[in-house]
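K.L.:
my questions concern the predicted model and sequence given below.
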Number of protein chains: 2
Amino acid sequence: MKFKKSNKTNFILTFLLLSFLGNAQNDYKLWLQYSPISNVETVSKYSKNIQGIVKFGESETLQAAVTELQTGLQGMLNNSVGLSDKKENNIIIGTNSSLSNDVQSLIKTDIEKVQKDGYIIKTITSKNGKNILITGKTDVAVLYGAFNFLRLIQTNASVENLNIVDSPKTDIRILNHWDNLDGTVERGYAGSSLWNWQKLPLFIEQRYIDYARTNASIGINGTVLTNVNANALILTPLYLEKVKALANTFRPYGIKVYLTARFSAPIEIGGLKTADPTNEQVINWWKEKAKEIYSQIPDFGGFLVKANSEGQPGPQNYGKNHVDGANMLADAVAPFGGVIMWRAFVYSEHDIDDRAKQAYTEFVPYDGKFRKNVIVQVKNGPIDFQPREPFHPMFGAMPKTPLMMEFQITQEYLGFSSHLVFLPKMYQEVLQSDTYSQGKGSTVSKIIDGSLEKHTISGIAGVSNIGSDLNWTGHPFAQANWFGFGKLAWNPNLDAETIADEWLRCTFSNDDNFVKSIKKMMIDSRETVVNYMTPLGLHHIMATNHHYGPGPWVKNLSRPEWNPVYYHKADANGIGFDRSKKGTKATTQYFPEVEKEFDNLETCPEKYLLWFHHVSWDYRLKNGKTLWDGLAIQYQQGVNEVKTMQDTWSKNKKHVDKERFKEVQQLLEIQNQEAKWWRDACLLYFQQFSKKPLPQGVEKPTKTLDYFESLQFPFAPGI
Amino acid sequence: MKFKKSNKTNFILTFLLLSFLGNAQNDYKLWLQYSPISNVETVSKYSKNIQGIVKFGESETLQAAVTELQTGLQGMLNNSVGLSDKKENNIIIGTNSSLSNDVQSLIKTDIEKVQKDGYIIKTITSKNGKNILITGKTDVAVLYGAFNFLRLIQTNASVENLNIVDSPKTDIRILNHWDNLDGTVERGYAGSSLWNWQKLPLFIEQRYIDYARTNASIGINGTVLTNVNANALILTPLYLEKVKALANTFRPYGIKVYLTARFSAPIEIGGLKTADPTNEQVINWWKEKAKEIYSQIPDFGGFLVKANSEGQPGPQNYGKNHVDGANMLADAVAPFGGVIMWRAFVYSEHDIDDRAKQAYTEFVPYDGKFRKNVIVQVKNGPIDFQPREPFHPMFGAMPKTPLMMEFQITQEYLGFSSHLVFLPKMYQEVLQSDTYSQGKGSTVSKIIDGSLEKHTISGIAGVSNIGSDLNWTGHPFAQANWFGFGKLAWNPNLDAETIADEWLRCTFSNDDNFVKSIKKMMIDSRETVVNYMTPLGLHHIMATNHHYGPGPWVKNLSRPEWNPVYYHKADANGIGFDRSKKGTKATTQYFPEVEKEFDNLETCPEKYLLWFHHVSWDYRLKNGKTLWDGLAIQYQQGVNEVKTMQDTWSKNKKHVDKERFKEVQQLLEIQNQEAKWWRDACLLYFQQFSKKPLPQGVEKPTKTLDYFESLQFPFAPGI
């Protein structure tokens, strides 16, 4: 009998394939991988300090903290840590008030620094020896402390002589799920809705628990389950029973449930003839509805409302205004401690003024007129979640009203879940923008966290990118946007680099070379996407409805401000939207220092150039190139940068498990092809007006403009 | 410093919670768990025989077999088995023709027994020593052998002195995905479609590979990617490129891709004015379309067609018949080896005859008129995937035409993915039914596998229950229906108990007590569902559209045969559909022996009683009870049996991981509540006609009939 010789190449190939099978778990575990630490010394150093857990107090939340510690330590240190009766080398957990007096006395000054659900992680030494104390004023603070303690180990940080006090800067750190009751997700690119309404309330998926754990690990404390384009049925008993089951599941993790309120619900499910917010029956209906909800969900968070916006019903249907609507709902939930998050995303087809100005124009006069439990939710920029926008002029302009930030985590205008873009870099740009509302240093972050204007309520919302995909977010790197959103909601002054660093270590590897190289890729990625989509302040030139790919040519939609040509205004003379004082005067909505900077062509940052100015094709950019050449080169640069991302990723293959490596590799190839698509389609289109050749270094398009205009994407997701 | 004493109960609780976290992998891995075998002796016995792999030949399929063996052995034996150059204790894999002459000579008589893609697993002894040979005539046969060899270990069977020859009895073993291009799944209860059309062709999800592996492991060799209610866009270049990417991914696992053909596609995407199957342009369009598809996917399987059925277009729109339509398409794909699967699921609102008779009436006259590459796909029963139907009278009635079985794996009428019901028990009932078409022993299985009527093509289709849920099928036990379908497609004579046994061992545990007790629960489950939904031959009394829950009262739908009252015909005299010779004469569509049995009230099996007969409320059942009492008691029995299932599951807690235990426990509670709902709603409704009290032992309803009739389920999935 003759066997073929064993073949080494074959064997290696086989081994690679082998390790490629059945590893969905890594994708699923997000930044809570708790992977084994391979360095034996590191493990033993940690294990020396962590030999048991001592728990003070009893609650589901504390129990969750213990379980999480055990899960994490088991995974990373292969260390089964039980509840301990030893005197030292323990993790001691419990709220401050439940601690014994002698322990309390050791953290007297620390506890005074703690705000809200902030936590303390501190090495304490007494006659018993050394222990690590995780505490705070509330149960959920202790849970946050436990997650952050685990993150020290996840990032291979030292746990000797710990002395950490960390408090959230905002009150409401919340995800907005634009999930419909039929299981679809508006602007969702990661599968369908997580909420299995059909099987609720009796079937509690493990995924709900993992959702809550993951959010708690970054300090998120609220979730709006339903789409802002709301369906009133969610407020019927059939659904409230299901909402209650979710609320019960999330509660141990400190996450409150909120719902969207369809303004016309009193008509649709209440049998009334009107939804007029001044009508007694309507007022009463909402009061009774609030009572009904709170009887089932005592810690229900409140309502998020999109009213009189893009066809949604609202108080204006009855000749009333946003204040009337918001306050009526606020009164209904006030007795139970609920809040109303009222969205400022409004613009009207009957208003011929610049869309970018309308929200400010409408809302600023209402400053000071809202109830105390109303918080106005404002998108980061004045248009709609573009790759780049200047900050919204409402920030700073309503000092008597708490304003909440609305970021979009899902990539509606940023390549869906196929493009790698690290959004915290963009969030940071907005949060650190200076409004000058109370002089220099009046950053958006200080308005949002309530510190500048001394509000008693504050918050940050993120439109979720989460769905039923095995990896939750469609793109493994989109997980970083969820993570980064949570971190910035907790502390709006965090740096994007710090966030990327931490996320990479928790999610992939602590190898310093890997972290350094991929962190750079992430940080650069936001500018890359701007470069190949909308450089120099261009905006809203995406294809219609699905917003997937370029569509600068679109001009036939019924509402003018829905057409890309409305935004770029390219013509023979040049390109850009004149929002200066010579144009729509949108610049005047900013405080004088900012207005001056934006209004003047010379001082306007080039990243906002075409946002605020109509500029001739021959205009000289700061780099000496003409606008046309500079625009073309920036598109090309975006394409080049994607190629660099691909190279960077390939070089780091050894640090990543096969499955996620391949996923990202394939997605980067999509991004590569689509970056070229953006470049070619936009340059061919704008070239019709500039009538100039492509400058050197810019690749010739391989397809015609007609071809690009002919592309159709039926069943694009998220609509 | 004082710590609280460690608390033992607490610790245990914590430990349970701990082991409950983050175990999505078990659910995901289906019956390819490859869990470590804990018994050291067993492991060493296996390992002794399996020390290396010797591979003859090169192909992606053989490579997949090697990888699968390595994955499985690594998991179960913790044994990294590489390609070997040792002489004994190897697994030798390769097709028969690639084996060396001396090995070939050892299996000369075995290989003669092999049919189609059948495999041999045989312990061979030569001067080199003992080895285990896995072979067959084709690469995919070797892959099947590898999976079946692994299954021996999964079920703790001996691998000493193996001598297995096993061949599939049918040619086409295929899943029908009713997946729409927008990602929804018609009659899908396990999330959304697996096919991520948006990211194809560049993004190949690991899940596609795992889908292919899992199907190959049970011998499935085809998949129809799209809904029978078809969209012509799937045949456009945009989508064909995506289909090609899936075909490339599935090919190494022996799975061919098929599509549904919308009959009006020549109009919708071809720009023609007609889709008349006799029109030259139409004929040519389909020929060109076939050529285009095969140029991209050389092994494309062919088309599945639903024509002139429930509003779908078809040849009758042009005055032509099913033969004209099917043969025209068959001619288009014939040059490339493609087949047309033409569905016989037709009934017309213009035909006043019994719906159960219409498919037979329409198709039987066409026997012998279809092309050789047409196979007519017939549902198991004459109505529509009910919990119980007699076999379809077309089986045996078209001896010159190959008929393919269409089973439904997704539980459209069987409690969605919330109810535990083991369908192979039902499939077996149908397959073993004797049609008497060629005398006694002319079972449906022999017609389906082509052996009775000597067909050159045969097949079994299953309407898939697979979706994006982490556990693929919504209910962990619904995985068994996918598994069982595959096993029966391979061998329609397999016993449901054997299937359940194997599935349980691969999926959960080899503990004999566990297997015995849960196997009984599975086997009994089908009758249980019939009992609480549609006992004694009742059928189609589900709620309208979504088919979720009872709706025997529905009578206002536009087409009479869509109303439940059409099917049960309850009145003051009795209940049931008289299909005997005194009624619609549906019994006459069966061969005389069967006709006689069904037609006579005395001999008609009671399980089909109300299917074939209208019977008075006082009719005496074989157990001596009146029909009314018997009916009520059977509903109650269904409820009682669900309680027994719950008890059985609880008793087996220790054998199942926490996550799946809890999932099934919760789902059984849904089933428990819904079984009561069925009982109460149906009995209250029928009681209006019987005017009789509930017999002893039947629980009183706690709600009124009005309440049950008022229930609404907006956004029920799968419509």
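P.N.:
That came in fine, so what should we check first? This is a predicted model, so every value here is computed, not measured.
K.L.:
which residue ranges form the helices in the stretch 101-250 of chain A?
P.N.:
With helices called from DSSP state H, counting those that start in this stretch, the stretch 101-250 of chain A shows them at A:101-106, A:108-113, A:139-154, A:206-217, A:237-250.
K.L.:
so which of those helices is the most packed in?
P.N.:
helix A:139-154 (a mean of 24; mean count of other Cβ atoms under 10 Å in any protein chain shown). Every C-beta, even on glycine, is put in place using the N, C-alpha and C of the backbone.
K.L.:
angle of it against helix A:206-217?
P.N.:
With axes from the mean of the first three to the mean of the last three Cα atoms, to 10 degrees as the basis, helix A:139-154 and helix A:206-217 are set at 90 degrees to each other.
K.L.:
show me what helix A:139-154 is packed against.
P.N.:
helix A:60-77, strand A:90-93, strand A:119-126, strand A:129-136, helix A:206-217, helix A:496-507 (3 or more Cβ pairs under 8 Å, 6 or more residues apart in numbering or on different chains; DSSP states H and E).
K.L.:
what segments of the stretch 551-700 of chain A are strands?
P.N.:
Using DSSP state E, counting those that start in this stretch, the strands found in the stretch 551-700 of chain A span residues A:574-575, A:615-616.
K.L.:
hey, which of those strands is tucked in deepest?
P.N.:
Mean neighbour count (mean count of other Cβ under 10 Å) peaks for strand A:574-575 among these, with a mean of 23.
K.L.:
name every strand pairing with that one and say which way it goes.
P.N.:
strand A:615-616 (antiparallel) (DSSP bridges).
K.L.:
what does the strand it pairs with rub up against?
P.N.:
With contact meaning Cβ atoms under 8 Å, 6 or more residues apart in numbering or on different chains, strand A:615-616 is reached by A:573, A:574, A:575, A:576, A:601, A:609, A:627.
K.L.:
any of these buried? List them.
P.N.:
Among those, those classed as buried by neighbour count (16 or more other Cβ atoms under 10 Å in any protein chain shown) are A:574, A:575, A:576, A:609, A:627.
K.L.:
farthest-apart pair in those residues, please.
P.N.:
A:574 and A:609 (10.8 Å; Cβ to Cβ).
K.L.:
before we move on, back to that, make CSV out of the strands of the stretch 551-700 of chain A and add mean pLDDT and distance to residue B:312.
P.N.:
Compiled in CSV, the strands of the stretch 551-700 of chain A are given as follows (pLDDT from 0 to 100; distance: least, Cβ to Cβ, whole Å):
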stretch, mean pLDDT, distance to residue B:312
strand A:574-575, 98, 50
strand A:615-616, 98, 56
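K.L.:
those into JSON lines, with extra columns for distance to residue A:227?
P.N.:
Compiled in JSON lines, those are given as follows (distance: least, Cβ to Cβ, whole Å):
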{"stretch": "strand A:574-575", "distance to residue A:227": "35"}
{"stretch": "strand A:615-616", "distance to residue A:227": "39"}
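K.L.:
distance to residue A:428 and mean pLDDT added to the helices of the stretch 101-250 of chain A, as CSV?
P.N.:
Putting these into CSV (distance: least, Cβ to Cβ, whole Å; pLDDT from 0 to 100) gives the following:
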stretch, distance to residue A:428, mean pLDDT
helix A:101-106, 36, 93
helix A:108-113, 25, 96
helix A:139-154, 20, 98
helix A:206-217, 21, 97
helix A:237-250, 28, 98
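K.L.:
would you turn the ones you listed into a markdown table with distance to residue A:278?
P.N.:
Converted to a markdown table, these look like this (distance: least, Cβ to Cβ, whole Å):
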| stretch | distance to residue A:278 |
| --- | --- |
| helix A:101-106 | 52 |
| helix A:108-113 | 46 |
| helix A:139-154 | 39 |
| helix A:206-217 | 38 |
| helix A:237-250 | 26 |
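K.L.:
those helices: which one's closest to residue B:169?
P.N.:
helix A:206-217 (39.1 Å).
K.L.:
compute the inter-axis angle for the closest one and helix A:60-77.
P.N.:
Using the same axes, to 10 degrees: helix A:206-217 against helix A:60-77 is 90 degrees.
K.L.:
now for helix A:206-217, which elements pack on it?
P.N.:
helix A:60-77, helix A:139-154, helix A:237-250, helix B:24-28, helix B:658-690.
K.L.:
quick check: angle from the last one to helix A:206-217?
P.N.:
With the same axes, to 10 degrees as the basis, helix B:658-690 and helix A:206-217 are set at 130 degrees to each other.
K.L.:
buried residues, the following helix or strand past helix B:658-690. List them.
P.N.:
Sequence-wise, the next helix or strand downstream of helix B:658-690 (DSSP states H and E) is helix B:705-710. Buried residues in helix B:705-710, counted by 16+ other Cβ under 10 Å: B:705, B:708, B:709.
K.L.:
got the helices and strands packed on helix A:206-217 as TSV, with distance to residue A:673 columns?
P.N.:
Compiled in TSV, the helices and strands packed on helix A:206-217 are given as follows (distance: least, Cβ to Cβ, whole Å):
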stretch	distance to residue A:673
helix A:60-77	38
helix A:139-154	35
helix A:237-250	39
helix B:24-28	30
helix B:658-690	39
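K.L.:
of all those, which one is nearest residue A:283?
P.N.:
Of all the helices and strands packed on helix A:206-217, helix A:237-250 comes closest under Cβ to Cβ, at 20.2 Å.
K.L.:
out of the helices of the stretch 101-250 of chain A, the one nearest residue B:185 is which?
P.N.:
Closest among the helices of the stretch 101-250 of chain A, using Cβ to Cβ: helix A:206-217, at 18.8 Å.
K.L.:
what does the model give the closest residue to residue A:132 other than its chain neighbours for pLDDT?
P.N.:
Nearest residue to residue A:132, sequence neighbours excluded (Cβ to Cβ, 6 or more residues apart in numbering or on different chains): residue A:91, at 5.0 Å. On the pLDDT scale, residue A:91 is placed at 97.
K.L.:
surely residue A:91 and residue A:55 touch.
P.N.:
No: if you go by Cβ atoms under 8 Å, residue A:91 and residue A:55 don't touch, sitting 9.1 Å apart.
K.L.:
contacts only, for residue A:289.
P.N.:
A:235, A:265, A:270, A:332.
K.L.:
what residues does the stretch 451-600 of chain A put near chain B?
P.N.:
A:468, A:469, A:470 (Cβ under 8 Å from any Cβ of the partner chain).
K.L.:
distance between the helix or strand containing residue A:281 and the chain's centre?
P.N.:
For residue A:281, the element it lies in under DSSP H and E is helix A:280-296. Relative to the centre of its chain, helix A:280-296 is centred 31 Å away, using Cα atoms, centre = their mean, to the nearest Å.
K.L.:
dump it to PDB, restricted to CA.
P.N.:
Only the C-alpha atoms of helix A:280-296 are listed here, as PDB (Å, rounded to 0.1, in the frame of the first residue of the first chain):
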ATOM      1  CA  GLU A 280     -58.700  68.300  27.800                       C
ATOM      2  CA  GLN A 281     -59.400  64.800  26.600                       C
ATOM      3  CA  VAL A 282     -56.100  64.600  24.900                       C
ATOM      4  CA  ILE A 283     -54.300  65.800  28.000                       C
ATOM      5  CA  ASN A 284     -56.100  63.300  30.000                       C
ATOM      6  CA  TRP A 285     -55.500  60.500  27.600                       C
ATOM      7  CA  TRP A 286     -51.700  61.000  27.900                       C
ATOM      8  CA  LYS A 287     -51.900  61.300  31.600                       C
ATOM      9  CA  GLU A 288     -53.800  58.000  31.800                       C
ATOM     10  CA  LYS A 289     -51.400  56.400  29.400                       C
ATOM     11  CA  ALA A 290     -48.400  57.500  31.400                       C
ATOM     12  CA  LYS A 291     -50.000  56.100  34.600                       C
ATOM     13  CA  GLU A 292     -50.700  52.800  32.800                       C
ATOM     14  CA  ILE A 293     -47.100  52.600  31.600                       C
ATOM     15  CA  TYR A 294     -45.600  53.400  35.000                       C
ATOM     16  CA  SER A 295     -47.800  50.900  36.700                       C
ATOM     17  CA  GLN A 296     -46.000  48.300  34.700                       C
END
